[in-house]
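J.: below is the sequence, then the predicted model.
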Protein chains: 2
Amino acid sequence: MNKIYNPKQENWASLLERPTKTVDDIEATVKEIFAAVQSKGDEAVQQYTSQFDGIALENNLVSNAEIELAIAAVSEELKEAIQLAKSNIEKFHAAQNTTRVSVETAEGVECWQEKRPIQKIGLYIPGGTAPLFSTVLMLAIPAAIAGCKEVVLCSPPDKNGNLNPAILYAANLCGVTKIIKVGGIQAIAAMTFGTATIPKVYKIFGPGNQYVTVAKQLATQFGVAIDMPAGPSELLVVADDSAVPAFVASDLLSQAEHGTDSQVILVSTSKKMIDTVEQEVQSQLAVLPRKEIAEKAIANSKLIFVENAAIALDLINEYGPEHFIVCTENDNFYVDNIENAGSVFIGNYTPESAGDYASGTNHTLPTNGYAKNYSGVNLDSFMKSMTFQKISETGIQNIGKAIEIMAEKEGLQAHKNAVTLRLKAIENGK
Amino acid sequence: MNKIYNPKQENWASLLERPTKTVDDIEATVKEIFAAVQSKGDEAVQQYTSQFDGIALENNLVSNAEIELAIAAVSEELKEAIQLAKSNIEKFHAAQNTTRVSVETAEGVECWQEKRPIQKIGLYIPGGTAPLFSTVLMLAIPAAIAGCKEVVLCSPPDKNGNLNPAILYAANLCGVTKIIKVGGIQAIAAMTFGTATIPKVYKIFGPGNQYVTVAKQLATQFGVAIDMPAGPSELLVVADDSAVPAFVASDLLSQAEHGTDSQVILVSTSKKMIDTVEQEVQSQLAVLPRKEIAEKAIANSKLIFVENAAIALDLINEYGPEHFIVCTENDNFYVDNIENAGSVFIGNYTPESAGDYASGTNHTLPTNGYAKNYSGVNLDSFMKSMTFQKISETGIQNIGKAIEIMAEKEGLQAHKNAVTLRLKAIENGK
């Protein structure tokens, strides 16, 4: 772990720099697969599944029989845990529902804003050893609350052509309309262009490796929206002597086990806290099953001492952490003044893993400094805002003159004329 | 104008296709200018301004003296019109403000969502013959309501090194913090990387030609967010015999005068209406100053007859118009069931130009079918949603077990451990 004392503000940018990946060599592969899926559809999807996942699938659509088997295979204990998480995620996301905003801006000029669901949604869930059924909950639950009509889930099959039962259980529980055994670039391409079996969607959500990330970026060039740009996961903890060092260490490690490129930062106004956390990390690290991964991330981690809370806050706002844990005597100072963070965890009994699974907040959050300009996934991510206006004869008489003047000044005579014709018709009693 | 009767559904996609532009040859220029601005800053900006705008500017920052001169140069009539528009836009966007959403998802588990302003915003306003001061209102007013700290406006200078007074007046009125005389790709690049005089921003808003559009796309690769992908402006009107043909024609023409690539579509269940509107368009077109532009757009326009409102609605939802005018005996059918549209204009006395200038709704809207997956600019466009959670000892006892089970099942032992440590501490009375 790297200890830094009182870094100068002009060095913050380099101190807080994220690891950057070059994606140039990936891009060619992604473009090639997109072109193949666009022109050959299911045939290309099948071929890439065979090539990358090592399984030749006649039919990649998950059947009801498979879902029944999965439901039977998931333990009661896990089902109960998923149900509890689902209940909390539902409560929090349902509360985000906004009603129609309606204003009579001038007499006879009624304007309103409504949010309506994005009709076709695609969810990407990675495969591999760790089956991310929690991400299924985080994406499919708000999609259902928003009222998205079609919710397609793609996830890569294992060598036997199966998906993890917990993923199938969660997807079925949360109302996913179609589950397809396809992963990687070919899954993103299929949801972008549509094939005979895989529907084209309007917006793609979900995490993935760098191939999937680049594929999602490319999808935006074909009219598909994505949840947000992706980067390695990250956690910043601010702690003073009121924090429990063992808890802080456990949070840093739970971030570090995600991947060797995970970002882990502790900011503190106490040198003692920094030293104690460092020791705690070493002792907890020793017994972790994913020790090798966590060790590499921890080696790159930073323990930063600053003189006071004001400096700490400025530094944290400059970083814009995805996850931000606050454990200090004056938590409210940070909570009230944080400008850039994905999700904030407050106090000794709020570990980051609570938000990852079951507190109710969403775990799909902006990384890589994107907390400065992007929201984490929330109910609105599955909807779009539309505006409406209805103007009466009185209304157009009230604002018509202003429109005429402005349109003329912008050199748009036909815009003016659309108003002039109406005003004249009213004057002439139609 | 092209008349199409009862098009078959399988032909809708090609019938409703937007004109596509190839951007490949532009991309090289854009990348070159980005690289130059990134490495040479203001020096490169100055050089490109000289090259593209034909003026060598020593200082491209608009001074207070220039603003004073602009205020004096704008007519009282235009000032009053702008004030009226500003008042309506303010009322409508202020009403979109959402309060903190707070839920105790389980006893002791408090979660909330808050929206906080994006701190640094860039607005791009094109130059040329038509000074788009209305766009200044549409972007700077919600930015001010959102509480964005830094609002930078870039617009290209004319041959004498000036900006249009109406743009300066509107920018000053709406609280823009810095106005810079720089346009085109170099303006977008400067706001992406920052220079000694032009601040780096987190999100860029505003229209522009295809160079600016490609530059905004490239900016997203450097961590900057943009309002939305852009395409030519478009209008779809649905009208039956209750519509006034002259009004419909005037709306089609006000869209057509934007550019030769503007999209203009009339959908009707009345062949008579289609014929009458066609005649009206010809007679109104004859006297327009921007006749040449409008004529070309009108030549590509489509008048589509369908048998009934249900078919019309399906076709309109497949198209997803930026602007959607509804003038029928049963407007509510369309208003209630439209799934994809940027902004909806209802009834004979609601011309599209009302929304462009003064009704209060925003005129920065998704084109090119993006109404299916993107919101038009609204108050939330200038904010990001953040979540917070605070869990008590009781709270972690309520949800801790579920987190442990789920984390273990996903193979993330350190995530589990962060909870286990806390539960044990509580059991042991800390």
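T.: Looks like it came in fine. For clarity, every value in this text was computed on a predicted model and none was experimentally measured.
J.: please make it C-alpha for all contacts and neighbour counts, starting now.
T.: Fine.
J.: quick one: the strands in chain A?
T.: With DSSP state E as the criterion, chain A has strands at A:2-5, A:101-106, A:109-117, A:120-124, A:150-155, A:178-181, A:203-205, A:225-226, A:234-239, A:263-268, A:302-305, A:323-327, A:343-346, A:383-391.
J.: among the ones you listed, which is nearest residue A:161?
T.: Relative to residue A:161, the nearest member of these by C-alpha to C-alpha is strand A:178-181, separated by 7.7 Å.
J.: avg pLDDT for the closest one?
T.: For strand A:178-181, the mean pLDDT works out to 98.
J.: report all helices and strands that it contacts.
T.: Applying 3 or more C-alpha pairs under 8 Å, 6 or more residues apart in numbering or on different chains; DSSP states H and E, one finds that strand A:178-181 makes contact with strand A:150-155.
J.: quick one: the strand it packs on to strand A:120-124, angle?
T.: 20 degrees (axes from the mean of the first three to the mean of the last three C-alpha atoms, to 10 degrees).
J.: need the strands of chain A in TSV (columns: mean neighbour count).
T.: Conversion of the strands of chain A to TSV gives the following (neighbours: other C-alpha atoms under 10 Å in any protein chain shown):
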stretch	mean neighbour count
strand A:2-5	13
strand A:101-106	19
strand A:109-117	22
strand A:120-124	26
strand A:150-155	25
strand A:178-181	21
strand A:203-205	25
strand A:225-226	22
strand A:234-239	25
strand A:263-268	25
strand A:302-305	22
strand A:323-327	27
strand A:343-346	27
strand A:383-391	24
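J.: which regions of the stretch 101-250 of chain A sit below the pLDDT cut-off?
T.: Low-confidence segments of the stretch 101-250 of chain A, defined by pLDDT under 70: A:129.
J.: get me the contact residues on it for chain B.
T.: The stretch 101-250 of chain A has residues A:101-103, A:105-106, A:109, A:111-112, A:116-119, A:129-134, A:202-203, A:223-225, A:246-247, A:250 near chain B, with proximity defined as C-alpha under 8 Å from any C-alpha of the partner chain.
J.: can you rerun that using 6 Å?
T.: Contact residues (C-alpha under 6 Å from any C-alpha of the partner chain) of the stretch 101-250 of chain A with chain B: A:105, A:118, A:130-131, A:202, A:250.
J.: tell me the contacts of residue A:113?
T.: Neighbouring residues of residue A:113 by C-alpha atoms under 6 Å, 6 or more residues apart in numbering or on different chains: A:100-101, A:386-387.
J.: rewinding a little: okay if I get the strands of chain A as TSV plus distance to residue B:414?
T.: Output for these, formatted as TSV (distance: least, C-alpha to C-alpha, whole Å):
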stretch	distance to residue B:414
strand A:2-5	21
strand A:101-106	44
strand A:109-117	37
strand A:120-124	25
strand A:150-155	25
strand A:178-181	29
strand A:203-205	26
strand A:225-226	30
strand A:234-239	14
strand A:263-268	14
strand A:302-305	19
strand A:323-327	16
strand A:343-346	17
strand A:383-391	35
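J.: coming back round to it: buried subset of the residues of the stretch 101-250 of chain A next to chain B?
T.: When these are checked for burial by 16 or more other C-alpha atoms under 10 Å in any protein chain shown, the buried set is A:105, A:118, A:131, A:202, A:250.
J.: picking up where we left off before, just put the contacts of residue A:113 in JSON lines and tack on distance to residue A:374.
T.: Listed next are the contacts of residue A:113 as JSON lines, based on distance: C-alpha to C-alpha, whole Å:
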{"residue": "A:100", "distance to residue A:374": "24"}
{"residue": "A:101", "distance to residue A:374": "23"}
{"residue": "A:386", "distance to residue A:374": "20"}
{"residue": "A:387", "distance to residue A:374": "22"}
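J.: ranges for the helices of the stretch 101-250 of chain A?
T.: According to DSSP state H, counting those that start in this stretch, the stretch 101-250 of chain A carries its helices in the segments A:133-146, A:165-173, A:184-193, A:210-219, A:245-256.
J.: next, the buried residues of stretch A:285-299.
T.: Neighbour-count burial for stretch A:285-299, counted by 16+ other C-alpha under 10 Å, picks out A:285, A:288, A:290-291, A:293-298.
J.: try stretch A:419-430
T.: By neighbour count on 16+ other C-alpha under 10 Å, the buried set for stretch A:419-430 is A:419-420, A:422-423.
J.: walk me through the domains of chain A.
T.: Domain ranges of chain A: A:2-19+A:232-360, A:23-230, A:393-429, per automatic domain parsing.
J.: residue contacts, the residue nearest the centre of chain A?
T.: Among the residues of chain A, the one closest to the centroid is residue A:364, at 3.3 Å (C-alpha atoms, centre = their mean). Contacts for residue A:364 (C-alpha under 6 Å, 6+ apart) come out as A:376-377.
J.: look at it and report its pLDDT.
T.: What the model reports as pLDDT for residue A:364 is 97.
J.: and it, how far from chain B?
T.: Going from residue A:364 to chain B by C-alpha to the nearest C-alpha, to the nearest Å gives 11 Å.
J.: quick check: phi and psi on that residue?
T.: Torsion angles at residue A:364 (phi, psi; degrees, to the nearest 10) stand at phi -90, psi 100.
J.: I'd say residue A:37 and residue A:43 touch.
T.: No. Assessed by C-alpha atoms under 6 Å, residue A:37 is found out of contact with residue A:43, at 7.9 Å.
J.: these two: which is more packed in?
T.: Using other C-alpha atoms under 10 Å in any protein chain shown, the more surrounded residue of residue A:37 and residue A:43 is residue A:37, with 28 against 13.
J.: can you tell me the closest non-neighbouring residue to the more buried one?
T.: The shortest distance from residue A:37 to any residue other than its chain neighbours is 5.3 Å, reached at residue A:44 (C-alpha to C-alpha, 6 or more residues apart in numbering or on different chains).
J.: could I get the pLDDT score of that neighbour?
T.: As predicted, residue A:44 sits at a pLDDT of 97.
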